[in-house]
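Colleague: quick one: sequence plus predicted model below, questions after.
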Amino acid sequence: MRYLLASLLIFLLSSFTPEPSIKLGLLKYSGGGDWYANPTALPNLAAFCNDQLGTNLDLQYATVEVGSVELFNFPFFHMTGHGNVVFSDAEAENLREYLIGGGFLHIDDNYGMDPFVRPSMKKVFPELEFKELPFDHPIYKAAFPFDNGLPKIHKHDDKPAQGFGLIWEGRLVCYYSYETDLGDGWEDQVVHKDSQEKRIQSLRMGANIVKFAFEAE
């Protein structure tokens with residue numbers, strides 16, 4: 001009997017397949033901007049979402065080029081940097097198809113990205129304009145309430161934090177966080193030495209974006 005139970009236990013363990021985890025994506029682009037900034041940001045955000053939202057996100061993210069077919073394997077992409085952003089015609093079309101097809105893009109201006117990312121996204125959606133989202137938009141209350149919109153994480157040019165969106169046929173397909181730097185707040189505390197309060201604010205807003213994006217698929 002003991003050997004029978006042991007064999008049964010081995011069989012059950014070997015046949016059990018846990019639900020596969022989902023990877024968040026980091027968008028790699030051309031132009032010289034540092035798309036690779038904040039390397040600890042997405043792993044920390046994934047861990048926070050798993051802990052606070054009960055998600056099953058892989059702590060390792062996927063880096064995917066804008067023009068790659070691999071784009072369509074991931075429901076969520078994060079894009080950041082400080083400088084120039086260039087999309088070829090083919091890359092812009094690929095990103096457009098991905099977003100129209102149900103994907104979601106979060107752009108986080110790490111500082112200095114704004115003059116470049118706006119014309120690049122205009123190439124993706126020439127018929128759309130970035131619109132500032134009202135504070136009562138669902139993205140600001142998807143998991144944690146932000147009654148005044150985006151939290152202000154870094155000073156930058158000392159302007160108010162703003163959240164903009166590209167809306168395709170009634171669906172928010174791209175969310176752009178400006179003058180706040182959420183990704184820096186997601187990074188390990190030793191990197192930017194943000195206060196714990198700022199880091200929690202940033203991670204909670206990041207969790208809102210992830211939750212909204214996944215529920216809007």
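Modeller: Yes, it's here. Residues are numbered from 1 along each chain as shown.

Colleague: for the nearest residue to A41 once chain neighbours are set aside, what are phi and psi?
Modeller: Nearest residue to A41, sequence neighbours excluded (C-beta to C-beta, 6 or more residues apart in numbering): W186, at 3.9 Å. For glycine as for every other residue, the C-beta is placed from the backbone atoms N, C-alpha and C. Main-chain dihedrals, W186, degrees, to the nearest 10: phi -80, psi -20.

Colleague: count of residues packed around F214?
Modeller: Applying other C-beta atoms under 10 Å, we find 17 residues neighbouring F214.

Colleague: contacting residues around it?
Modeller: 55, 75-76 (C-beta atoms under 8 Å, 6 or more residues apart in numbering).

Colleague: likewise L42?
Modeller: 24, 26, 61, 78, 186.

Colleague: among those residues, who's most crowded?
Modeller: So for the contacts of L42 (other C-beta under 10 Å), the most neighbours sit at W186, 28 neighbours.

Colleague: any idea how far that one is from V69?
Modeller: 28 Å (C-beta to C-beta, to the nearest Å).

Colleague: R96 now?
Modeller: In terms of C-beta to C-beta, R96 sits 14 Å off from V69.

Colleague: can you give the contact residues for stretch 117-137?
Modeller: When contacts are defined by C-beta under 8 Å, 6+ apart, stretch 117-137 is touched by residues 29, 79, 85-87, 89, 92, 95-96, 99, 107, 109, 139-140, 146-149, 162-168, 172, 174-176.
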